[in-house]
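Colleague: Sequence and predicted structure below; questions after.
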Amino acid sequence: MKIKTQLQKVLKITLEGSVLILGIIIITIILKVFCFASFKVPSASMEPTLKSGDYIMVNKMVFGARIFKDWKFWADGNWEMKRLNGLRPLKHNEIIVFNFPFSNHDMSKIEMDFNNHYVKRCIGLPGDTISIVNGFYSVSGFSDTLGVYKKQLNLSQKLDLTFKNGIKCSNYDSIQKWTIKNFGPLYIPKINDNLNIDCNNIELYRKLIMYETRKIIEVKKGLILMDGKVLNKYIFRNSYYFMSGDNVFNSMDSRYWGLMPEDHIIGKVSFIWKSEDKKTGKYRWDRFFKGL
């Protein structure tokens, strides 16, 4: 009888422990899917704001968490998702984490890369017209500083000859001749925008339209053709954002690959919860729980 009682106690403790562990796992998954996620900053593209080796906490509730309807996206990139209601829209200068818009670095078409996460600052919102004038970011109707002023000042002081040696905007330079020092103006589409499409702006929006429609766009004899039919107007189904790294000389961002679709957004960076120097392996205690 004593052995049986002890066995019952062991089984009870094991069962209670298993339930507790299972509960912790479920709560952790729920929080990660709907509320928060942690990411490690791998590069210097956001310096001085974020350093390589920073661990950042991302708040998904601000803009709303994404719920994927199935797992097809994991196999073939085709997916459907729903975004839950967020607390508010994103604002200028907020730092966000998002999925890189090009899979396997194929820049010919937008395709969400679920395994590749970027962290950048939101410089341009849907409906904005953005420019870079002599190195400085400018958005029509917005008077505050965008990004890190000192980094842009350094860019403005570089001679224009520098930009003939590769510091061009690969997504735009073949037609518009834009560089990272002088760029735009570029209108950023928002959902339900009905834009005129012509030979002057098709290269600005070609990838966006192809992403939304999954159709081929061609230019023949001065006409824009989508699946063989003339395209002169287009109503956008998504909103877009212009993202930039604070370290303007060392950041692969919207200047190079274009506008980011809204459905790529994971969440807003709230704070640095841990920081580790990659070279020395030592903790940078002054950066622990630093708000952004």
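Modeller: Happy to help now that I have it. For clarity, every value in this text was computed on a predicted model and none was experimentally measured. Residues are numbered from 1 along each chain as shown.
Colleague: Which helix runs longest in the protein?
Modeller: In the chain, with assignment by DSSP state H, the single longest helix is helix 2-34.
Colleague: What is the subsequent helix or strand relative to that one?
Modeller: strand 36-40 (DSSP states H and E).
Colleague: Which stretches in the stretch 151-292 of the chain count as helices?
Modeller: 202-213, 254-257 (DSSP state H, counting those that start in this stretch).
Colleague: Quick check: which of those is nearest to G127?
Modeller: helix 202-213 (14.4 Å; Cβ to Cβ). C-beta here means a position set from N, CA and C on the backbone, and glycine is covered the same way.
Colleague: Just the CA coordinates for that closest one, please, in CSV.
Modeller: The C-alpha trace of helix 202-213 is given here as CSV (Å, rounded to 0.1, in the frame of the first residue of the first chain):
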residue,chain,number,x,y,z
ILE,A,202,6.1,52.0,-65.0
GLU,A,203,9.6,51.1,-63.8
LEU,A,204,8.8,52.7,-60.4
TYR,A,205,5.7,50.5,-60.0
ARG,A,206,6.2,47.5,-62.2
LYS,A,207,7.3,45.1,-59.4
LEU,A,208,4.5,46.3,-57.1
ILE,A,209,1.8,45.6,-59.7
MET,A,210,3.3,42.2,-60.7
TYR,A,211,3.4,41.3,-57.0
GLU,A,212,-0.3,42.1,-56.5
THR,A,213,-1.6,40.6,-59.8
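Colleague: helices and strands around it, which ones?
Modeller: If you count contacts as 3 or more Cβ pairs under 8 Å, 6 or more residues apart in numbering; DSSP states H and E, helix 202-213 packs onto strand 217-220, strand 223-226.
Colleague: tell me the most buried of these?
Modeller: strand 223-226 (a mean of 16; mean count of other Cβ atoms under 10 Å).
Colleague: That strand pairs with which strands, parallel or anti?
Modeller: strand 217-220 (antiparallel), strand 229-230 (antiparallel) (DSSP bridges).
Colleague: Dump those into JSON lines; add mean pLDDT and distance to I272 as well.
Modeller: Shown next, in JSON lines, are the strands paired with strand 223-226 (pLDDT from 0 to 100; distance: least, Cβ to Cβ, whole Å):
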{"stretch": "strand 217-220", "mean pLDDT": "90", "distance to I272": "42"}
{"stretch": "strand 229-230", "mean pLDDT": "90", "distance to I272": "50"}
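Colleague: For those, please prepare a markdown table with the additional fields distance to N116.
Modeller: Listed next are the strands paired with strand 223-226 as a markdown table, based on distance: least, Cβ to Cβ, whole Å:
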| stretch | distance to N116 |
| --- | --- |
| strand 217-220 | 25 |
| strand 229-230 | 34 |
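Colleague: who's S138 bridged to?
Modeller: S131.
Colleague: Surely it touches S131?
Modeller: Yes - S138 lies in contact with S131 (Cβ atoms under 8 Å); the separation is 4.7 Å.
Colleague: and I96, what is it in contact with?
Modeller: 58, 63, 90, 119-122, 243, 265-269 (Cβ atoms under 8 Å, 6 or more residues apart in numbering).
Colleague: Spatially nearest residue to it, not counting backbone neighbours?
Modeller: Spatial nearest neighbour of I96, chain neighbours left out: K268 (5.3 Å); criterion: Cβ to Cβ, 6 or more residues apart in numbering.
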